[in-house]
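**Student:** give the three-dimensional model of this entry:
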Amino acid sequence: SDGPLQVAAFFAKDDNVMAIIQQTRRRIFAPLVSALRSGLRPQLQQVLDRGLWVPTNDTLHIVVKVFSAHPSLLDLEVAKRWQHISEEQCHKLGEAIVTHLA
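**Tutor:** Numbers count the residues shown, from 1 in each chain. Take a look at the predicted model:
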């Protein structure tokens, strides 16, 4: 893609992590939202509901690292020196990170 490179871990691949997330939603998040809603007038409850978005399980993730030297994020002087990184270079970087973390 033509954007900042990031390393992310998707939680849906680990059943134990998903169980923790579901338990946390049930025991902490749902009661919190319920308590918030109970103190609001119906009109404000609707505002809260419209602004509350819970992602689907397959999209739950954490970003471990963002390499943000993309020209869209840089000031003009630095962006002038920016170079495109090929797909091969991205794979080499990924292999180097895995090796470094092993």
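**Student:** neighbouring strands of the helix or strand where Ile62 lies in the sheet, and parallel or not?
**Tutor:** Assigned by DSSP states H and E, Ile62 belongs to strand 61-67. Applying DSSP bridges, strand 61-67 is found paired with strand 5-10 (antiparallel).
**Student:** distance between the strand it pairs with and the chain's centre?
**Tutor:** Relative to its parent chain, strand 5-10 has a centroid offset of 8 Å by CA atoms, centre = their mean, to the nearest Å.
**Student:** please work out which residues outside it touch it.
**Tutor:** Residues from elsewhere that reach strand 5-10, judged by CB atoms under 8 Å, 6 or more residues apart in numbering: 58-67, 70, 85, 90, 93, 97. Heads up, the C-betas are built off the backbone N, CA and C, glycines and all.
**Student:** swap in stretch 49-63?
**Tutor:** By CB under 8 Å, 6+ apart, stretch 49-63 touches 6-12, 18, 21, 25, 33, 37.
**Student:** in ChimeraX, how would I select just the buried ones from those residues?
**Tutor:** Buried subset of these, written as a ChimeraX selection, criterion 16 or more other CB atoms under 10 Å:
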select :11,21
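**Student:** of the contacts of stretch 49-63, closest to Leu76?
**Tutor:** The shortest approach to Leu76 among those belongs to Gln6, at 23.6 Å (CB to CB).
**Student:** output the top helix by length along the chain as CSV, nothing but the C-alphas.
**Tutor:** Counting residues, the longest helix found in the chain (DSSP state H) is helix 87-101. As requested, the backbone C-alpha atoms of helix 87-101 are provided in CSV (Å, rounded to 0.1, in the frame of the first residue of the first chain):
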residue,chain,number,x,y,z
GLU,A,87,8.1,-4.8,-1.7
GLU,A,88,11.4,-6.7,-1.6
GLN,A,89,12.8,-4.2,0.9
CYS,A,90,9.7,-4.5,3.0
HIS,A,91,10.1,-8.2,3.2
LYS,A,92,13.8,-7.9,4.1
LEU,A,93,12.8,-5.4,6.9
GLY,A,94,10.2,-7.8,8.2
GLU,A,95,12.7,-10.7,8.2
ALA,A,96,15.3,-8.5,10.0
ILE,A,97,12.7,-7.6,12.7
VAL,A,98,11.7,-11.2,13.2
THR,A,99,15.4,-12.2,13.5
HIS,A,100,16.1,-9.3,15.9
LEU,A,101,13.1,-10.3,18.1
